[in-house]
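Undergrad: quick one, fold the following:
(one chain, ligands or ions: 1)
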Amino acid sequence: MRKFTNRCIDRNIFPNFIVSTDLTQHINNEDIKSDFLKVKEKDKGINVTNALGWHSIVQTEDPDSPHLSEAITLTKEFVNEFLEEEGTNLHVNTLHYWLMENGAGAFNVVHNHGKVDLIGVYYIEVPPTSEGMTLLRTDAFTHTAFCNPNVPARYQNSFTIDAIVGRVYIMPGHLYHYVKPFDGEGDRRSLIFNITCSLN
Ligand SMILES: [Fe+2]
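TA: Below is the predicted model:
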């Protein structure tokens, strides 16, 4: 039995969040993969945060990739629905995207995406030995004794996404993140988003 009353006023001040939905309710992941492979044939890629692997150029649209375009439209709709339901006075202003392919041993160094409001990832393919992206807490709470491996998730200093093919994950744009290398067959293929928001 508790000795004191009124202990916790609000556990949700200064929140971070991750929201996710299954886009394959609306689009076939194999179609997205087919567009991905076509882009990879013609795009030599750029070196940004990835060590090894392939990182496409950054785009806002690609008329030659109708299924990727549909995934992007669905993602914008999902984010707008979230922003409205969450009671923000924001909507999606810009969405830039790129494609990533990491085979065994490839990884993404710790980085952030600079001045964007939201970042996101849609998983097209995830090998069984591959983890998803790990997000790092960026506030000073991480320097307190609260942050240790044996506490509830809201107190911890990192969070690794359970990467599921067909799902899109959206989180605040200031979060640093990285992706560990994996060992084994296959490629991790993903569609990455940078999103800015404007006031309604
Ligand atoms: Fe990133």
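Undergrad: and for the least confident helix or strand in the chain by mean pLDDT, what are the contacting residues?
TA: When the helices and strands of the chain are compared on mean pLDDT, DSSP states H and E, strand 50-51 comes out lowest with a mean of 78. Around strand 50-51, the neighbours that count as contacts under C-beta atoms under 8 Å, 6 or more residues apart in numbering are 100, 102, 106-109. (Each C-beta comes from the backbone N, C-alpha and C, glycine too.)
Undergrad: those in strands, which ones?
TA: Residues of the contacts of strand 50-51 located in strands (DSSP state E): 100, 102, 107-109.
Undergrad: take these and write them to CSV, including neighbour count, pLDDT and distance to Glu70.
TA: Converted to CSV, these look like this (neighbours: other C-beta atoms under 10 Å; pLDDT from 0 to 100; distance: C-beta to C-beta, whole Å):
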residue, neighbour count, pLDDT, distance to Glu70
Met100, 24, 96, 19
Asn102, 25, 95, 24
Phe107, 16, 91, 29
Asn108, 22, 91, 26
Val109, 11, 92, 31
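Undergrad: among those residues, which one sits closest to Gly184?
TA: Asn102 (11.8 Å; C-beta to C-beta).
Undergrad: count of residues packed around the closest residue to the closest one other than its chain neighbours?
TA: Nearest residue to Asn102, sequence neighbours excluded (C-beta to C-beta, 6 or more residues apart in numbering): Gly53, at 3.9 Å. Using other C-beta atoms under 10 Å, the number of residues around Gly53 comes to 21.
Undergrad: I'd say Gly53 and Ala104 touch.
TA: No: using C-beta atoms under 8 Å as the test, Gly53 is too far from Ala104 to be in contact (10.0 Å).
Undergrad: quick check: longest helix of the chain.
TA: Secondary structure of the chain per DSSP state H: the longest helix is helix 66-85.
Undergrad: so how far is that one off the chain centroid?
TA: Mean-position distance between helix 66-85 and its chain equals 14 Å (C-alpha atoms, centre = their mean, to the nearest Å).
Undergrad: kindly report the same for stretch 27-37.
TA: Distance, centroid of stretch 27-37 to centroid of chain: 18 Å (C-alpha atoms, centre = their mean).
Undergrad: I would like the residues contacting that stretch, please.
TA: Taking C-beta under 8 Å, 6+ apart as the rule, stretch 27-37 contacts 23, 65-68, 70-71, 74, 99, 101, 122, 124-125, 165-166, 189, 191.
Undergrad: also stretch 80-94?
TA: Under the criterion C-beta under 8 Å, 6+ apart, residues 19, 60, 76, 79, 117, 170, 194-200 lie in contact with stretch 80-94.
Undergrad: which of those are buried, as a ChimeraX select command?
TA: Provided next is the ChimeraX selection string for whichever of these are buried by 16 or more other C-beta atoms under 10 Å:
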select :19,76,79,117,170,194,195,197
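Undergrad: looking at the contacts of stretch 80-94, which is nearest Tyr176?
TA: Lowest distance from Tyr176 to the contacts of stretch 80-94 (C-beta to C-beta) belongs to Asn194, with 14.6 Å.
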